Every structure is written in C-alpha cells, then in structure tokens.
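Mind folding the following:
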Amino acid sequence: NSHQQTLLNQLKEVTGTTDIQLLQQALQVSNGDLAEAVAFLTEKNAKAPQQDETTYYQTSQVPSDRYISVGSQADTNVIDLTGDDKDDLQRAIALSLEESSRAFRETGITDEEQAISRVLEASIAENKASLKRTHTEVWSDSPNPHDRKRIDGCPVGLKNVGNTCWFSAVIQSLFHLLEFQRLVLNYSPPARVLDLPRNQKEHRNLPFMQELRNLFSLMVGSKRKYVDPSRAVEILKDAFKSSESQQQDVSEFTHKLLDWLEDAFQMKAEEDSVGEKPKNPMVELFYGRFLAVGILEGKKFENTEMFGQYPLQVNGFKDLHECLEAAMIEGEIESLHSAENSARSGQEHWFTELPPVLTFELSRFEFNQALGRPEKIHSKLEFSSVLYMDRYMDRNREITRIKREEIRRLKEHLTLLQQRLERYLSYGSGPKRFPLADVLQYAMEFASSKPVCTSPVEDIDTSAPPGGTTGQHLGPTSAPSTAPSVAQQQRVPVHKPFTHSRLRPDLPMHPAPRHITEEELRVLEGCLHRWRSEVENDTCDLQGSISRIHRSIDLMYSDKSMMQVPYRLHAVLVHEGQANAGHYWAYIYDPHQCCWMKYNDISVTKSSWEELVRDSFGGYRNASAYCLMYINDKKPFLIEEEFDKETGQILSGMDKLPPDLKRYVIEDNELFDKEVEEWDAMQARKAQQEKLDLASAAAASTAASTPQQDPEYMEQPSPTNDFKHLQEDTERAISRAVALVSVSGLSAQAIKLEYARLVRFAQEDTPPEIDYRLQHIIVYFIQNEAPKKILERTLLTQFADRNLAFDERCKSIMKVARAKLDLITPEEVNMDAYEMWHQDYRNFRETTIFMVTGLELFQKSNYVEALVYLIYSHQYNKELLLKGPYRGHDEDLLTYYRRECLLKLNEQAAAMFESGEEPEVTSGLSIMNELVVPCIPLLLAQDTEKDLLAVEDMRNRWCSYLGQEMEANLQEKLTDFLPKLLDCSTEIKSFHDPPNLPSYSTLELCERFSRIMSALGRVSSSGR
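Below you'll find the model as predicted:
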C-alpha cells in the first residue's frame, strides 16, 4: 500500500540502501517501526564497532557528523530527502534515533538540533579564543573606521565570527530575496506570546526572529561595510547547550533555519487566521509538492508528498537536467505504464506544485568505505542561468514520457553509432590503436617510398664507436681483433659528439619496401586511395549522424509548450575544500545592476558569470557549487522592491524599515559616526603635534645657525667619511666647465654638462644589475618626465651645496646657484609638486632597500625574514608603478620572489607539521597563521595564473593530510587551521608593521643592488 511505500522511501533516503528486498525485510523485522528498521540495517551493514554518542561527536575522531540530516519532518508531513549513502551516517542515525525520543520528551529539543548547537557554540568559542592568540592582528578589524565604511549603494558584508562562513553564505542568499527580506523585516510576534512564551520552540524562535530582523535591518541601512552577526549566532548557541566544534554544513543549516522560521510564522498565521486554514508564508515561499507514482510488488500506487530543498546526486551526471531526470525516476520504470501487472517495483516523481523559490542541494560528498571517511566529489556539473521545469510537471506527464522514450531510443542509436565510429578511430587488435584513415595513409606512404636493395644495418661504419675509441666494434664479428695499421688509423674520422651518431645522408629517412614493381605500386596505391576515401566518408557520415542526434536530444524540450515554467538562477552557494573542512561563499544575481555579486564574508565584490562558472561547476579546482537557488521567473515580486502605497515611490534603504528597526539602525549608525569622529580627531591631534615638532626642530636649527641640509638621497655620508658621491659628480662637472668657458659663464656651463651627463644615463640601455636612477635623482626625474622647472630647481640645489670644495670656482658657482634659487618664485615652481616628486624618489629608494634586503635574505634561504621585506617591496612598488612604468622596479621579478618565498615557507611549515613533534608542529602552524595565510589574499587579488596555482598548491598540500592517519591533537589543530587557509576572501588583512630600514649611501645602495641582481641573473629565469 501507499503507506508502506512511503516508509520504504523514507528508509531508503535515511540509510542510503537501495536493495528493495533488504528494505522490506527491515520493515517486516521491525513491524513497521522506522527507528528499529534503521537500527536493523545499520547493524547489518556496519563493519566497525558502534561508537558511543560522545565519541561520535568528537570532530577530531569522526568528522563526518556534519552530514547528519537535520530536517524536522517528524513534526510535519514533509518527507526528508537529504540522506547520503554512508556507513558513518547510518551509525549516526541509529544512535540519534535511539536517544531522540527520550531527549525530545525531556527538553523538546532533538539530537539534530543539539548537533547544530555544538557547531554554533564552537564558532563563538573560536571567535573568543582567537582574541587571545599572539597573531590576532592578522584577523582583527582595521583600526581605521574609514576602512570599514560602506560605499554608497554597495551591499553589506557579514563578518565571519569563527567558522561561520556557511552562515554568511545562506543569510546573504535569503536576504537578497526581497520578498523573504520583507517578511522578516515586517514580522511581529503573536500578541499572546509577548509576555510569556508557551513552549520551548517559542522561547527559542521568537528571540532568534528578533535578532534576524535586527541583522537584516543593519544589512539594509548600516553605514558599515560589514556587520557582525554574533548576536543571531549567540541565540542559536544559547538554544542548545554544548561545547564541541565543527564547521556546519550549508544544507543542514538551511534546513534548520527554514524550520525555525516556519515555526515562527506558523504561530503568527494561526493567530491572524480566524476560522480559516492558516497560511504560512515560509511554506508558500519554499515548499512544493510532488506526486509519487509507482508500482510496488505489482501493485500501483499514487501519493502526494511535500518537499523543501530537493536533493540531487552529482556523481555520474554531466548537467543539472541529468541529475533531475535521475532523481525523478527510481527503480524499473518500464512496468509503470505497461499493461502487464508484473512484480517489478519502481516509481516516478511528478511535480504538482513548485515553490516560488526552488532550492537544489547538490550532494558532493560520499563515504569511502575503503578509507573509512567521507570524500568530496570534485567532478564537473554544469547548470544554466535559466531552468525550464515543464518536463517534470505532472500536467506534462504523458508528453514527457513520450519524449523520454524518444530520447532513450535516440541514445541507444547514438551508442551504436559511437561504437562504430570508435572502430574507425581506434583501429587495430593490439594495445595500441590508431585512426584507420591514418593507418591507410601510412601504408600508402610506405609503399610510395623509394625502394632500397640493402639491409638497414649494412654499410654502417662500426669501426669508430660513439666514444671515439678504436679497436672495438659495435656488434658481433667472426674475425679476431687485430691492431689497426697506421693507414687505417689515419682514416678514422674525428669523433664529433653532436653529429657522429647521425645516419649517412644516402640512407633513407623512413623504412621502404625492398622490391616493388610499378604495376604493384599502381594497384596498391589505387586500392589504398579508394579505401582511405571510403573510410573518411564513413567517418564523416558517422560524425554527422552523431551530431544530429545530439542536437535532436538537446532540442527535445525546446518547443514553446515545454518552456512555460522558467526558473531563473538567483544564488549559488560554493564550497571550497575537502569533506572535512572548507570555506563557503555565495554568488547572488543583482537584477538592478544586471550582474553577479560575490559575497565572501566581509568582502562583497562585482563578479561575472565566467567567474561563477569557474568556481561552481567543479572539475577545475576543489571548489564547486553545493546549493543552487532558483526563483520563478514569472513572479517578479520575489526580487522587486516594494512601492509606497500613498506616493507610488519605490521604498528603498531606511524607508522600507518599520519604526522599531529604523530606530535600531539609526542608533548603530550614530555609534559608528562617533567612532569616525573620534578617529578623525585623534588623527588631527597627531598631525598638529607633528607640525609643532617640526616647527620646534626648525626653530632650534635656525637658532644654532646650522647650514641648510640637502635631502638624504642627495647627501649620504659613507661609512669611511670619504668625499660624498654627489659632491664628486658636481666638482667634476665644474672642472670640465672650467676648460670650456670663462669664469663668467662657468655656472651655466657646469650645470649644462652635468645635465647632459645625466640625460645620457637616463637614455642608456643598461643590464639588470645597473640602475642609474639609484645614482641620481635627476635620472629618475628624466625617465618619468618630471616638469622642467622641477629638474632645474633640483640641479640648482645640487650646485648650491655648501659642502663643495672651497676653492674660488666652487664658491663662485655655489653663490650663483643660491642666488638663482632665491630668485625662483612660488609661481614658477609649484612647491607642493616639487615636494611630491622628491617624496616619490624617497619612496623609490625605500622600496629598493626593501627589495634588495628581501632578495638577499631569500638567497640565504632565510625565508621568514625575507617575506616581510618582499611583501612590502611588492606593495610599495605597485603603488609607484600606478603613476608610471618607470616609477618602480620590475613587477614580475618581485611577484615571482614573493610567490616563491611563500611556497618555500609553506613547504617548511608542512614539513614541520609532518614531523608530529609538538614544538615543530606549533612552529609550522605559526608560520602559516602569521605569515602565509595573511599573504594569500595578496596573491588572490593579483589574480595571475601562477599566483592562483601557487595558492592552490599550498592549499592542496594541507588538504592532503585530511585522508591520513594522525594523532587526535594533530587532527584538531588541522581542523582548526584549514578554514583560515581555505578562506577565499580577497579582503587584505592587516600584516606585520614594516621593519625599520637602515640608512645607506648612494654608493652602498648601488653596490648592493648590483650584487644581488647579478646573483639573480646567474639563476635560470625560466621560472620567472
């Protein structure tokens, strides 16, 4: 009967067992009791001793409890469709059912809900514990509130408060369903429970609903770039008292979230409906119905079942329609619509009512019996942005069956044609096979080759072996070896390693027939030509037929009658990582901007369909879609803003909030505004203090009559106190000028000669180890096309140096230069621009010191210290290059060594972790947490193929440990660390402060630059 079939379906979904006879046996043994039937099947299938509940929920021992189905269908007529075929899952369900009755009677809370509690409390604990770590600066908010300020019109992100990226992904997907958003924002608790909730559910659901309303209101109107969802998560944690850790599964969380929302709205619906059947908006939005039509032991049955999130198997299917087709048919369906009343069993599902929001769970995890652990399925699964559901509707049952039969017939024909084509494309009887057309072509080439009458081993001089020695022969000989005569020795050719082994030029390049007559060749060529032409025509015909069948299958449902139920893709929830750990984010379509947005915790960025495909289809990396949310394209109210009934204007922003939430958001925004004001005031005080300090220093300098100092890069004392590099250049220019002109034109000529010398430097094509920009600021200015007046003033400053040699010529030029400097008015030279150019040069020198120091440390294999220098040199260099291509150094070089340094550190840290020794493991994870992980967003933001591959390599190295046996404490550390490594956010987190740089003279800096660049030049640059 239909009740028995329903029990069979439930048992099949819960245990993953597909053997109908075994399922029926379990029901008979248990007298129809589902819990006892599950226990029976579990004991029958379990290959390992059962664990007690405490041990089972320990993440470090059995991390697969995240896959327990947590739907609350025991309270409703909704059938749970989330079962996975895993022994671990079966044991978990047996334990859960064994305890659930007692626990629910005592507390009203199911074991599945307690499992979620363990996860949520662990997330909060993780967040609090992270505040005590030594590397908290990596994960902390920016102290500058301007960095956390929301850009106008940009969606608000959600902070990850400790392994809660799953929370962010689901909440963002639901929040951007504007109909759902409106329902939550405008929810008001039933009047009868405002004072005293009646039961456990009300105690739990109503506070959660209020915090969800608060969170949604902040996501609507906050001035913050991202908001903290801790209070909503705290409500979930407080509902179930527990303390164990695990990252929550998206589908489980969504199930439970919708259950709670359904309960909350049901209470309100029951109060509002008087004498009518209450309508629950959550049920109307997310739940649909399907008709199960089938035969059980020869008896036909039909029964209607309700569904929420619809589960689909991924393994073995190429696209979403294939998954759906397989999910809609179970067992041997041929007997369903045949006249014979056979004993076969099977069923079809036909949707009678689809929900406005249709959610598919893609089952990408399976339990590996051999390894005893869950594994993620990385295979590719395609899906489209628009999905037509007509073929699965009950009203189209007959036409769909006809089309399915036609597709089945076409696929049988297709298989036959593909087998025939394969015989043409892989011809032969041995292990190696080739296309038949090529085989015939090769035979024709062989037959057409020029005949030879000698053996291929004859006429080869074997007297001089490849080694160049004599007296030995390559190959056997019957004659005894004799000493060669002088004449023979003179005839031995000189051995040439690169040419000696080549065949003689008169030998054929390819094998050829020994004897073939013209008649034989003519007949053979005619046959081979004809056969090859026939084979090519047959191959072309087969390929054409296969293409036509593929097209017929693709177009089978393209007529208008089967395109009346369009569903448009609204959100894609993506998981990256392995079965035991990973990171979640969401792609959500913005219909107003007509683009995809990527919601990755606090980071919200514009994306594209191409990026979504790359991350979601699977098969490319270890990232793939885990949940697809489609919306009915004929119900635009789902994603459209509401209109004001009085004014007709669109309600947006704060206008769509009810009064209580509007006050809540205003108060939070005022707190943030106050934080910004306090920050600005503090920065103003700092700036004022700096100005006062500078003024005091200047006053002290004037009082002491200290000579004017030039910038440090124009006058750097060397360690040996010899003549300064710049002064020598200036004095040489003066000496050359003296030989050319009289004293009256001396200063102009000296400056002209110096400028000409620097122009030559700027235009000279130099090797990588020489950079004239480091030798003189004017070279840097010329290459970057600085204004002429700034060049002129900078040169005059050089010649106005009081520290030049005090002979009459230098004194004269110094006085003239100083006089000219005094005559330059602010209108002639913009001093702000002048200072900006000089500051850019100071930044260039500083970047060079960072780069040189980092590369030197890298050469010494001191990767820990090298990384900080390489990171800052790359960042500062990037800022310089934004102003022009000659403002900084080779970006590819710095990108390469930054990437290599991270890979070396990752290798070091992994080796330390593999050692298993406690100090080594701690040091290795410290390197990852404090150095490598904070730098990964830098590589992701760069978005170059090599950087992305490097990140993938680093992650894969650590994910590979998931399948290995290790001690419980190592497993715990790995589980704690992996979500941080797998975080795909490109949000740049704070890093170590830049190290203090020593002062170097121009000569020292040039020498160090030359040494390290020469050393790098000796290393193969193929990798770079």
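
which residues are contacting stretch 816-836?
Ser747, Ile751, Pro787, Lys789, Ile790, Arg793, Leu796, Thr797, Phe799, Ala800 (CB atoms under 8 Å, 6 or more residues apart in numbering). Every residue, glycine included, has its C-beta placed from N, CA and C.

now with 6 Å?
Ser747, Lys789, Ile790, Arg793, Leu796, Phe799, Ala800 (CB atoms under 6 Å, 6 or more residues apart in numbering).

how far away is Gln942 from Glu879?
Gln942 sits 14 Å away from Glu879, going by CB to CB, to the nearest Å.

Tell me which of those two has more neighbours.
Using other CB atoms under 10 Å as the criterion, Gln942 and Glu879 rank with Gln942 on top: 18 against 14.

Quick check on the contacts of stretch 816-836: which are buried?
Buried members of these, scored by 16 or more other CB atoms under 10 Å, are Ser747, Ile790, Arg793, Leu796, Phe799, Ala800.

quick one, phi psi at Lys980?
phi -70, psi -40 (degrees, to the nearest 10).

Excluding residues flanking it in the chain, which one is nearest it?
Spatial nearest neighbour of Lys980, excluding adjacent residues (CB to CB, 6 or more residues apart in numbering): Val933 at 5.3 Å.

Assign the one you found to helix, strand or coil.
helix (DSSP: H, G, I helix; E, B strand; the rest coil).

Over to Leu362?
Leu362 is classified as strand under three-state DSSP.

Give the bridge partners for it, please.
Leu362 has these beta-bridge partners by DSSP bridges: Leu312.

Thought Val314 was touching it, still the case?
Yes: judged on CB atoms under 6 Å, Leu362 makes contact with Val314 at a distance of 5.3 Å.

okay, now Ala512: neighbour count?
16.

where's it relative to Leu440, distance?
From Ala512 over to Leu440 (counting by CB to CB), the distance is 18 Å.

Ok, Ser379 next?
Here the criterion is CB to CB. By it, Ser379 lies 38 Å from Leu440.

The two - which one has more neighbours?
Leu440 (21 against 15).

Sort out for me which of the buried ones among the contacts of stretch 816-836 are in helices.
Ser747, Ile790, Arg793, Leu796, Phe799 (DSSP state H).

about what we covered before: which one of Leu362 and Val314 is surrounded by more residues?
In this view Leu362 and Val314 are compared by other CB under 10 Å, and Leu362 has more residues nearby, 26 against 23.

Let me know the pLDDT of Leu893.
Here, the pLDDT recorded for Leu893 equals 92.

cool, and Asn45?
For Asn45, the predicted pLDDT is 52.

pull the longest strand from this structure.
Counting residues, the longest strand in the chain under DSSP state E turns out to be strand 566-577.

Who does that strand pair with, and is each partner parallel or antiparallel?
Strand pairing (DSSP bridges) places strand 566-577 next to strand 386-388 (antiparallel), strand 582-590 (antiparallel), strand 623-632 (antiparallel).

just so I know, which of those lies nearest Phe844?
The closest of the strands paired with strand 566-577 to Phe844 is strand 582-590. By CB to CB, the value is 38.0 Å.

mind listing what's buried in that closest one?
Applying 16+ other CB under 10 Å to strand 582-590 flags Gly582, His583, Tyr584, Trp585, Ala586, Tyr587, Ile588, Tyr589 as buried.

what does stretch 944-955 give?
For stretch 944-955, by 16+ other CB under 10 Å, it's Asp947, Ala950, Val951, Met954, Arg955.

Show the pLDDT at the third one.
With respect to pLDDT, Val951 scores 89.

contacts for the helix or strand containing it?
Here Val951 sits within helix 945-959, counting by DSSP states H and E. Contact with helix 945-959 is made by Gln578, Arg621, Arg899, Leu903, Asn906, Ala910, Ile936, Leu939, Leu981, as judged by CB under 6 Å, 6+ apart.

and the least confident of these?
Within the contacts of helix 945-959, pLDDT is lowest for Arg621, at 71.

Phi and psi next, for that one.
phi -130, psi -160.

Report the separation between it and Glu179.
34 Å.

pLDDT below threshold where in the stretch 251-400 of the chain?
The model of the stretch 251-400 of the chain has pLDDT under 70 over residues 251-253, 272-276, 331-344, 368, 371-373.

Which parts of it are helices?
Taking DSSP state H, counting those that start in this stretch as the test, the helices found in the stretch 251-400 of the chain are 281-286, 320-328, 397-425.

Show me what the first one is packed against.
In terms of contact count using 3 or more CB pairs under 6 Å, 6 or more residues apart in numbering; DSSP states H and E, helix 281-286 is assigned the packing partners helix 250-272.

one more time with 7 Å, if that's ok
The helices and strands touching helix 281-286, judged by 3 or more CB pairs under 7 Å, 6 or more residues apart in numbering; DSSP states H and E, are helix 178-185, helix 250-272.

do the longest one as well
Secondary-structure packing of helix 397-425 (3+ CB pairs under 7 Å, 6+ apart): helix 518-554.

Run the angle between the helix it packs on and helix 397-425 for me.
160 degrees (axes from the mean of the first three to the mean of the last three CA atoms, to 10 degrees).

Run through the neighbouring helices and strands of helix 518-554.
Short answer (3+ CB pairs under 7 Å, 6+ apart): helix 518-554 packs on helix 397-425, helix 436-448.

Now that helix: buried residues?
Leu524, Leu528, Trp531, Arg532, Val535, Glu536, Thr539, Leu542, Ser545, Ile546, Ile549.

who's in contact with the closest residue to His776 other than its chain neighbours?
Take His776 and drop its neighbours on the chain: the residue closest to it by CB to CB, 6+ apart is Leu758, 5.7 Å away. If you count contacts by CB atoms under 7 Å, 6 or more residues apart in numbering, Leu758 has them with His776, Ile778, Val779, Ile782.

was I right about Thr400 contacting Arg391?
Yes: if you go by CB atoms under 7 Å, Thr400 and Arg391 touch, sitting 4.8 Å apart.

Secondary structure class of the residue nearest to Lys662 when sequence neighbours are not counted, three-state.
The shortest distance from Lys662 to any non-neighbouring residue, by CB to CB, 6+ apart, is to Met654 (5.8 Å). Here Met654 is recorded as helix under three-state DSSP.

number of nearby residues for Met654?
14.

contacting residues for it?
Applying CB under 7 Å, 6+ apart, the residues contacting Met654 are Gly221, Lys662, Val665.

what do you get for Lys691?
Counting by CB under 7 Å, 6+ apart, Lys691 has no contacts.

can you pull the pLDDT of it?
79.

Sticking with it, tell me its helix or strand.
Lys691 belongs to helix 659-703, assigned by DSSP H and E.

cool, Val816 as well?
Going by DSSP H and E, Val816 is in helix 808-823.

quick one: buried residues of that helix?
For helix 808-823, by 16+ other CB under 10 Å, it's Arg809, Cys810, Ile813, Met814, Val816, Ala817, Arg818, Lys820.
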